[in-house]
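S.K.: sharing a sequence plus its predicted fold:
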Amino acid sequence: MQQQRVLFLVEAAIFSAIALLLDILPFLSINLWFQGGSISFAMIPVFLMAFRWGISGGMITGLLFGFYQLFTGAFIVHPVQAFLDYIVAFALIGTAGVVATKIRKNAGNHHMKHVLVYVILGTLVGSTLRFLSHFAAGMVFFASLAEDQPVWLYSLLYNGGYMLPSFIASAIVISLLLWKRPRLLLRL
């Protein structure tokens, strides 16, 4: 039991650090906007932790990733905005773990098509909840940037512009990884 707890903590720290690297390395992410938001592979390690350890593993890894984001150049206009855009949003990626049991069960039974369906569903859940947190922060704290369009539309286009491609890229990469290496789901 103690060995599993140590493994969990070590993996959460390593996977969150990998997420940060995937986000800040210039050749692995595309920065779209001055205020933040990039198309990157950074959610992949958080999703992998969510699929390996469940919601708690994913949310802790996402939370750590969010804290790392805060300390490495976050765009902050208000403490509540920082909380929504960095702490809540990145922790919510981990909710993808809601399908972790189904993924591991189907991988154990070699039903890889079912694994891929649950992977896509899990990445959709985590990405959507992260998007909603960014969307809410955008509507409240970045309304002045909307200019002549409704603030909800501005926030939708701004945050959807990087979240949708990031979701698609993450779902594809994780699906390929788990198709070729389903052992990545095992906690040794």
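M.R.: Right, received. Where do you want to start?
S.K.: ok, and the helix or strand in the chain with the lowest average confidence?
M.R.: Within the chain, judged by mean pLDDT, DSSP states H and E, the helix or strand with the poorest mean is strand 29-31; its value is a mean of 68.
S.K.: any idea how far Gly93 lies from Pro150?
M.R.: No Gly there; residue 93 is Ile. 27 Å (CB to CB, to the nearest Å). (C-beta placed from N, C-alpha, C; glycine too.)
S.K.: residues in contact with Ile168?
M.R.: For Ile168, no residue meets the contact criterion (CB atoms under 8 Å, 6 or more residues apart in numbering).
S.K.: kindly list the main-chain dihedrals of the residue located most distally from the centre of the chain?
M.R.: Here the chain has its C-alpha centre computed as a mean, and the residue farthest from that point, by CA atoms, centre = their mean, is Asp148 with 31.2 Å. With angles defined as degrees, to the nearest 10, Asp148 sits at phi -90, psi 10.
S.K.: hang on, the earlier thing: show me which of Ile93 and Pro150 is the more surrounded one.
M.R.: Relative neighbour count places Ile93 above the other of Ile93 and Pro150, with 32 against 11, counting by other CB atoms under 10 Å.
S.K.: state the distance from the more buried one to Ile14.
M.R.: Going from Ile93 to Ile14 by CB to CB gives 16 Å.
S.K.: which positions in the host helix or strand of Lys113 come out as buried?
M.R.: Secondary structure assigned from DSSP states H and E places Lys113 in helix 112-141. For helix 112-141, burial by neighbour count (16 or more other CB atoms under 10 Å) applies to 112, 115-123, 125-127, 129-139, 141.
S.K.: neighbours of the closest residue to Gln69 other than its chain neighbours, how many?
M.R.: If the residues on either side of it in the chain are set aside, Gln69 comes closest to Tyr86, at 5.1 Å by CB to CB, 6 or more residues apart in numbering. For Tyr86, the neighbour count with other CB under 10 Å is 25.
S.K.: now do Ala143
M.R.: If we define neighbours as other CB under 10 Å, then Ala143 has 13 of them.
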